[in-house]
Every structure is written in C-alpha cells, then in structure tokens.
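[1] What follows is a protein structure lacking sequence information:
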C-alpha cells in the first residue's frame, strides 16, 4: 500500500511519516531560486511535518545561516559520483577529487561521509534547478541535474524534477551522446515537470515517457508560505520607502548582455530609465540577483535625477514579494521577478532571452508585452509596448486578477501525495 513509506503514524486525519528529503539545484544567491527553495521546504512541511529536509545547494553552503533554518545544508559533492559520459571523464573526476582531498583544498572528508549517511537514508530527491538541461549552457552545467538523477538510480531513491525549462539540445560537441544520456536519465524520475510547452516537446522527442508533465512554475502556483516552516525565528522583513504616485520598477538581468548584444542591451536599459523619467515616473532600480548589482550601477551611471531611486540593499524573495506590490507596473528581465509581480497582479513589460518569458506571459494573455533581446530593432519595439502598458496597466492588472486563480488551482507538489499515498 505504501511503497516508499516507513514509520507511519496518524494525526488529525493526515498520515505522518518520519521521512528524509534531499533538495537539489537550489540556491539563495538568486531570488528566484531562493523562492523555489523556501516554497519546496514549506510544501514538504505541510505534508510531512516531522521529516528531515536536507539541501545540497549549487552555491556556497557557508552562505546559509543554519542556526536559524529548519532544514540542513551541506557541501555539494555530487560531482564525485557521476560526470559526463565516458570512462575517461569518470577517471579524471576521481583523480581530481583525490588530489583535492590530499591537498585539503576546499575539501573536507567528513562532508563526504555526511553526504553518504544522508543519501543512503533519503526517501525522495526533489530537484528545483529551474533551467539546467540545454545546449545554451555548458555540458558541465547540464550534468548537475543528470548527476542528481544518477544518485537516485544508484541508491534506488524516487526523484521528482520540479517545473523547469528544457532545451534546445543542439550541443556543439558529443550531441548524439548527450541527447541519449539525457533521454535515458529522464526516464527514471517519478515525475518530470516541464514548465513550457516548448520544453515539453523537446523532452518528449528524446524521452517518450509517461512521467513527463506540463506544469506552470511552482512559485506562480504557490498561494503562500508559512515562514515558520522554514525558519526557527522568522527574519524581519525590510522595507523601502516608495514615494510618489506614478511608480515603476526596473529589474535588469545581466544574462541579457551575454545572450543578446552587450552594448545594445545596456543602452536599451538606459533608454528605459530615461523614457520613464521623461514620463514623470518615480523610477526604482532593483536587483533580483546579487550578480546583477554591478550591472544596475552601470545602467544608471551618469543619470542624475531626483526621481531615480537605486537602493543598495539585497532583498530576499519574500521582501521583494512585498515591495513589488507598490508599483503600477514593472519592466523586468529576471524570470521570478516577473512571477512574483504576476502573483501580486502587477503587469510587466518583459525583456527576455529565452522562450520561458514568452510562455509565462502567454498564461495571462500578455505575451504582446514581451521583447526578445536576441532580436534586432529593440528600441522601436520597446517604445510601442511601453506606450501600451503605460496607458492600459489597470486593464492588465484586472486580467492578471482574473487568470491567476485558475493557475493556482494546480499544485505540482501534490505529486508527493501520489508518490507516498498520503491523505489530506
């Protein structure tokens, strides 16, 4: 009856399980990843309050204030176990890690022993990478998710790949080998959630498995988080003073300058700032990832205006969720900055470099407000779309309010109920 269940008790009509979950692919550096991680911990706690939750982050585990967290974070040693296909790659990785151990360079053997203890007692691996399997990234980056699935196979642990983007799979080197490797690996998880229709079709072509599910973003589906499920002491939520009546925010993404044309994208952001100031807006520049801070400073360099506001403050995801409510609309390039805005019925003019932006906006019939930064003639397109949003943002707000309840009827974490056959 309960194929993965051990130590089952009952409380209040909900089956309680003493379980161990391992979350991979998350981080606290990027606010979108931070939001996915917090929601994942919360959704686990709703269903399995007494479970142990471990996180294997892609950023530095030392960045986490573990004294105040209700989950445990450990150093990421996934790359010791699986790597790119081929025996030579595996031998190279073993030798590299052996050298790191001998030289004591960023390597503590006790961390590996801790990982071994956790993984051998894990009941479910939940991956929240967001966007990992694609030829737009290095093969090493692709292997992060493949390694996670490999650990599930090795230890016979069910794996859930939560909503994320996929593809394309047009690798410059070892294309056929990588596609077969990815296709074979994706057959193992209990469920693979594709966040976009395009990604769903990419995966379906190389992995025609019944475990593939089309789903909207897990942050967008979420109706709220009890931070007491995540923190021992809930952090104080910082606020900034938002002045004026015509308030607009710009949230850039430094990835746009690498995926698009660097100088042109920088000038486009500067054009946005100057155009908004010309329209007598109170313009707020926010960064949604710490890696974007310097880029924000480059954008506003030399623009002196009392209506331009840049706060040198690294907000967390739930602080941003409160701040974004104050704006008439935003111009954004970070995926989850848009998701949080939509959750709060704030329309967006989107500057994006991937299909995920277009498909996200199309959920609300607002894909006309998306600019693909990989294309030409961006400035002319920008002014037309800005005119539209500036004149009709109240109507766009109403459209978000109408559509959001339908999207939030779904919750991808209900797959946990199916996996463990939990009632409630």
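    Yes, it's here. Worth saying up front: this structure is predicted, and the values here are computed from it rather than measured.

[2] count of neighbours near residue 95?
    10 (other C-beta atoms under 10 Å). Heads up, the C-betas are built off the backbone N, CA and C, glycines and all.

[3] Please give the element, helix or strand, for it.
    Counting by DSSP states H and E, the element that carries residue 95 is helix 87-103.

[4] Repeat that for residue 184.
    helix 175-185.

[5] any residues touching that helix, and which ones?
    Outside of helix 175-185, the residues within contact range by C-beta atoms under 8 Å, 6 or more residues apart in numbering are 85, 133, 135, 139, 142, 146, 149, 150, 169, 171, 206, 207.

[6] Present the residues you listed as a markdown table; the columns should include secondary structure and neighbour count.
    Below are the contacts of helix 175-185 laid out as a markdown table (DSSP: H, G, I helix; E, B strand; the rest coil; neighbours: other C-beta atoms under 10 Å):
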| residue | secondary structure | neighbour count |
| --- | --- | --- |
| 85 | coil | 17 |
| 133 | coil | 29 |
| 135 | coil | 17 |
| 139 | helix | 19 |
| 142 | helix | 21 |
| 146 | helix | 22 |
| 149 | helix | 23 |
| 150 | helix | 18 |
| 169 | coil | 19 |
| 171 | coil | 17 |
| 206 | helix | 19 |
| 207 | coil | 19 |
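
[7] what's the farthest-apart pair in the residues you listed?
    Spatial extent of the contacts of helix 175-185 (C-beta to C-beta) is set by the pair 135 and 150 at 20.0 Å.

[8] Which residues outside the helix or strand just after the helix holding residue 184 are in contact with it?
    Moving toward the C-terminus from helix 175-185, the next helix or strand (DSSP H and E) is strand 191-194. The contact list for strand 191-194 (C-beta under 8 Å, 6+ apart) reads 160-166, 186, 200, 203, 207, 209, 211-215, 218, 412, 415.

[9] Which strands border strand 191-194, and is each parallel or antiparallel?
    strand 159-164 (parallel), strand 212-214 (parallel) (DSSP bridges).

[10] and the first one, what's its mean pLDDT?
    Summarised as a single mean, pLDDT over strand 159-164 is 98.

[11] thinking residue 243 is in contact with residue 282, fair?
    Yes: between residue 243 and residue 282 there is a contact at 5.9 Å, judged by C-beta atoms under 8 Å.

[12] Please identify which of the two sits among more neighbours.
    Neighbour count, other C-beta under 10 Å: between residue 243 and residue 282, residue 282 has more, with 21 against 11.

[13] Show the pLDDT at that one.
    98.

[14] Show the contacting residues for it.
    Contacts for residue 282 (C-beta under 8 Å, 6+ apart) come out as 242, 243, 244, 245, 246, 247, 248, 307, 309.

[15] Now go through these and say which are in strands.
    247, 248, 309 (DSSP state E).

[16] How about the last one: what's its closest non-neighbour residue?
    By that I understand residue 309. Spatial nearest neighbour of residue 309, excluding adjacent residues (C-beta to C-beta, 6 or more residues apart in numbering): residue 284 at 4.8 Å.

[17] repeat for the second one
    Here the nearest residue to residue 248 in space, its sequence neighbours aside, is residue 281; by C-beta to C-beta, 6+ apart that works out to 4.7 Å.

[18] do you know how far that neighbour is from residue 341?
    16 Å (C-beta to C-beta, to the nearest Å).

[19] Same check on residue 56?
    Going from residue 56 to residue 341 by C-beta to C-beta gives 30 Å.

[20] ditto for residue 295
    Remark: distance between residue 295 and residue 341 (C-beta to C-beta) = 19 Å.

[21] Equivalent analysis for residue 237, please.
    With C-beta to C-beta as the criterion, residue 237 and residue 341 are 18 Å apart.

[22] ditto for residue 204
    30 Å.

[23] Looking at the two, which one has more neighbours?
    The neighbour count for residue 204 versus residue 341, taken as other C-beta under 10 Å, is higher for residue 341 (24 against 14).

[24] who touches that one in this structure?
    324, 327, 330, 332, 347, 348.

[25] and which of the residues you listed is nearest residue 29?
    Taking C-beta to C-beta as the measure, residue 332 is the one of the contacts of residue 341 closest to residue 29, at 18.1 Å.

[26] hmm, back to that, out of the contacts of residue 282, which end up buried?
    247, 248, 309 (16 or more other C-beta atoms under 10 Å).

[27] Next, format those residues as TSV and append pLDDT.
    Shown next, in TSV, are these (pLDDT from 0 to 100):
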residue	pLDDT
247	97
248	98
309	96
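
[28] Show me which of those residues is closest to residue 129.
    So of the buried ones among the contacts of residue 282, ranked by how close each gets to residue 129 (C-beta to C-beta), first place is residue 248, at 31.5 Å.

[29] Kindly state the beta-bridge partners for that closest one.
    residue 283, residue 329.

[30] what's the closest of the ones in strands among the contacts of residue 282 to residue 358?
    Nearest member of the ones in strands among the contacts of residue 282 to residue 358, counting by C-beta to C-beta, is residue 248, at 21.8 Å.

[31] before we move on, back to that, Provide a list of residues in contact with the residue nearest to residue 248.
    244, 246, 247, 248, 307.

[32] roughly how far is the longest helix anywhere in the chain from the heart of the chain?
    Identified as the longest helix of the chain according to DSSP state H is helix 378-407. Offset of helix 378-407 from its chain centre (C-alpha atoms, centre = their mean, to the nearest Å): 23 Å.

[33] No more questions from me, cheers.
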